[in-house]
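A.B. asks: From the sequence below, what's the structure:
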Amino acid sequence: MKASMFLAATGAALAVASPIRAPLDKRAMETDWVVEVVTVTVTAGQEPAAAFYEVPTSTTSVEVVEPTVVPQEKTQYIPKKKPQPQPAAPVITTVVVPEPSVEPQPEPEPQPETTTVEPEPEPVPEPEPTTAPAPAPAPEEPDTDTDSYEGVMLKHHNIHRSNHSAPDLSWDSTLAGYAKTIAEGCVFAHDMDQGSGGYGQNLASWGTTSGLDGLVNEMGASAVTEQWYNGEVNAWTFYGMDDPPASSPLTAWGHFTQVVWKSTTKVGCYTASCPAGTVLQYPSLYTVCNYDPPGNYGGQYAENVLEPIGMATTNV
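C.D. replies: Below is the predicted model of the structure:
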């Protein structure tokens, strides 16, 4: 039995170890061996054991020859870098500036002497006598003497203005001419259309049954002092106010405020005799005074009508 097994194993080894001389291509070799061994052992006094059959598995040997693959060389394209242009070398040019040649200057030729003969002065003609025009006569100055009408009217205005810290007025003949035209009209009404207008105005009248001769200056002064100032000064109690109350009428104090209005600078007046039945029912003296700049402007009373400083009262 052992010899049979050895032979079988030897045959298998020979089959496996045989060389293969086939060329390098794909081949398959198959070898089938079938071995059956039956062993029976009998021992005295024992029942025969079950038979044991050992069937070797079939052994198949397959040799696979794979083709030999020769690797191909891969060619890789590497682009060449373009050569960068080299910067051009700077061109250095040497310029030689020749030194200026100095030529000798020729000596100046002697200049001929020049003699200048001054001409004799021509005789200057004597100026002919001219006759200058006679100067225009200066305008007549208003008579501001205290005894004149103009002087009396300025005096009585400026006395009261001084008591209210206002500057003196000056006489204006143009304003006086407008006042004359209005007064001689003998119509007791404001008229500020004479000339270009734009001036202030006060009116007063006084009448009597007796003669009026010689009373013009006195009644003019009385109009300023007794009627316009003393007759209204106590009605004005609004010092420091830009405007008086609306309930207070202009007729109660408007003549007074115009007389002392601080920004007024000029005055012109006239007193005319008017027959009975015109201004008054009796023969009367009608006084008109015009002022520039005018007073009684709304919103300006506080700065133009100042409190009295306490001067003595003046009467006519």
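
A.B. asks: Flag the shaky bits of the protein, pLDDT-wise.
C.D. replies: By pLDDT under 70, the low-scoring segments of the chain are 1-145.

A.B. asks: Alpha carbons of stretch 172-180, in PDB - could you do that?
C.D. replies: Presented in PDB, the C-alpha positions along stretch 172-180 are these (Å, rounded to 0.1, in the frame of the first residue of the first chain):
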ATOM      1  CA  ASP A 172     -34.900 176.400   4.500                       C
ATOM      2  CA  SER A 173     -36.100 179.100   2.000                       C
ATOM      3  CA  THR A 174     -37.600 176.500  -0.300                       C
ATOM      4  CA  LEU A 175     -39.800 175.000   2.400                       C
ATOM      5  CA  ALA A 176     -40.700 178.500   3.400                       C
ATOM      6  CA  GLY A 177     -41.800 179.300  -0.200                       C
ATOM      7  CA  TYR A 178     -44.100 176.200  -0.200                       C
ATOM      8  CA  ALA A 179     -45.500 177.300   3.200                       C
ATOM      9  CA  LYS A 180     -46.200 180.800   1.800                       C
END
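
A.B. asks: switch to numbering from 41
C.D. replies: Okay, using 41 as the starting number, the last item reads as stretch 212-220.

A.B. asks: Mind listing what's buried along that stretch?
C.D. replies: Within stretch 212-220, the residues scored as buried using 16 or more other C-beta atoms under 10 Å are D212, L215, A216, Y218, A219, K220. Heads up, the C-betas are built off the backbone N, CA and C, glycines and all.

A.B. asks: before we move on, which element is the fifth one in?
C.D. replies: I take that to be A219. helix 213-224 (DSSP states H and E).

A.B. asks: can you list the residues that contact that helix?
C.D. replies: 179, 182, 190, 231, 234-235, 239, 306-312, 314, 326-332 (C-beta atoms under 8 Å, 6 or more residues apart in numbering).

A.B. asks: Could you rerun that using 6 Å?
C.D. replies: P182, D231, Q234, G235, G308, C309, Y310, A312, Y326, V328, N330 (C-beta atoms under 6 Å, 6 or more residues apart in numbering).

A.B. asks: So of the residues you listed, which two are at opposite extremes in space?
C.D. replies: Using C-beta to C-beta, the contacts of helix 213-224 reach their maximum pairwise distance at P182 and D231, which is 22.2 Å.

A.B. asks: where exactly do the strands run in this protein?
C.D. replies: 77-79, 92-94, 210-211, 240-247, 306-314, 324-332 (DSSP state E).

A.B. asks: which of the ones you listed is buried the deepest?
C.D. replies: strand 324-332 (a mean of 25; mean count of other C-beta atoms under 10 Å).

A.B. asks: Between strand 240-247 and it, find me the angle.
C.D. replies: 170 degrees (axes from the mean of the first three to the mean of the last three C-alpha atoms, to 10 degrees).
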